[in-house]
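A.B. asks: My questions concern the predicted model and sequence given below.
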Amino acid sequence: MIQYEQTPYFYLLLLIPIMALGYVLFTVWKKRVHQRLASAQMLSLIAPERSFFKGWLKQCFLWLGLAFITLALVNPQIGTELETVKREGVDLVFAVDVSKSMLAEDIAPNRLAKAKRLAGELINQLVSDRVGIIAYASAAIPHLPITTDYSAARMFLASLDTNMISSQGTAISAAIRLAETYFDDENQTNRVVCILSDGEDHGKDALAAAQQAASKGITFFTVVVGTEKGSVIPVKQGSTVSYKKDENGEVVISKSDTQQMSAIADATNGLFLDGSNTEEVVSAIIEELKKMDKQEFEAKQFVKFKDQFQWFLGIGLLFLVLDLFLFFRKTQWVKKLNLFQDA
């Protein structure tokens, strides 16, 4: 099995036929000039040792040298063996609250943007762990399956918004139950769910769902975004901004529920954090992940390709050296053999 690392360099081979055509035209022009200046017999008397054959031989050496150096630049690689790559890490699922209360601006720029920033900074710190994303409000939906593709994770994270789930409300238990299905039982890794929310919950069984998940080996990190003082929830329609109101027409004040989030973390021997300081949250979670035993969850075999450019480079340089040290004079021992009329 062979592959070429730098295929654009193949275009350099087009220079060889151009150079060959140029040399042919030059040879024809030179012959005509000689014929105008003197006869063939006179030229043989003037330059008896000059070899017509050696001129072409030198050009062939030059062209072959350029061809092999071009192949060296392309760097042919030959696969000779399989290399096994193992990955060890933790399965980390982000459950991000996308309910309307996450638009509250008691934490800049708003709760949802802060949650996305926290998750993004965490992903940037991961090395060989797998990540997944769940979006939830009154219901939970899978947004990104477990993957090691951090670029895709960042892209899917950025696409989270409060319009993903049309029904209003917040049900943390729905996110917890969906998170249980994210993990691969065949690969027993440490399994962590990181809930990023203001803690408001319109359901009643979030703690029970967390305890059930904990019995299956799932640990919860809960990060509260928002303040206990709370803030209004802006509703934007074009350039007009109003505030969410309840059924009585009163402006709703959304307050974070630290007690709920703390209880979930405690019930699963997890970690509860205030999300106001991004650096502290990221540092605490990364340190906690480092303490966990890493288990192998992926082992793949890859064809290991070996560079072969050095052979082509060596042969190319050899032809160039032969071109430099080959003169236009006739070789005496060849001349004695009389194999060529011009030799």
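C.D. replies: Structure's in. What do you need?

A.B. asks: Would you map the strands across this structure?
C.D. replies: 2-4, 76-97, 130-136, 140-147, 190-197, 218-224, 231-232, 234-237, 240-243, 253-254, 271-274, 295-307 (DSSP state E).

A.B. asks: quick one: the third one to chain centroid distance?
C.D. replies: How far strand 130-136 lies from its chain's middle: 19 Å, per Cα atoms, centre = their mean, to the nearest Å.

A.B. asks: what pLDDT, on average, does that strand get?
C.D. replies: Average pLDDT, strand 130-136: 93.

A.B. asks: Dump that strand to CSV, restricted to CA.
C.D. replies: Written as CSV, here are the backbone C-alpha positions of strand 130-136 (Å, rounded to 0.1, in the frame of the first residue of the first chain):
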residue,chain,number,x,y,z
ARG,A,130,-15.2,11.5,25.2
VAL,A,131,-17.9,14.2,25.3
GLY,A,132,-21.6,14.3,24.4
ILE,A,133,-24.2,17.1,24.6
ILE,A,134,-27.9,17.0,25.7
ALA,A,135,-30.2,20.0,25.5
TYR,A,136,-33.2,20.2,27.8
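
A.B. asks: pLDDT below threshold where in the stretch 101-250 of the chain?
C.D. replies: 185-189, 202-203 (pLDDT under 70).

A.B. asks: domains in this structure, as residue ranges please.
C.D. replies: Following automatic domain parsing, one gets these domains for the chain: 2-75+308-337, 87-299.

A.B. asks: Would you mind giving these as CSV with mean neighbour count added?
C.D. replies: Glycine gets a C-beta too; all of them are placed from N, C-alpha and C. CSV is the format used below for the domains of the chain (neighbours: other Cβ atoms under 10 Å):
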stretch, mean neighbour count
domain 2-75+308-337, 14
domain 87-299, 18
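
A.B. asks: what ranges do the helices span in the protein?
C.D. replies: For the chain, the helices defined by DSSP state H cover 15-37, 40-46, 52-74, 111-125, 150-158, 172-180, 206-214, 258-267, 278-291, 309-325, 332-337.

A.B. asks: which one of those helices lies closest to Asp246?
C.D. replies: Closest of these to Asp246 is helix 111-125, at 19.0 Å (criterion: Cβ to Cβ).

A.B. asks: tell me which strands and helices that closest one is in contact with?
C.D. replies: For helix 111-125, the packing partners by 3 or more Cβ pairs under 8 Å, 6 or more residues apart in numbering; DSSP states H and E come out as strand 76-97, helix 150-158, strand 190-197, helix 278-291.
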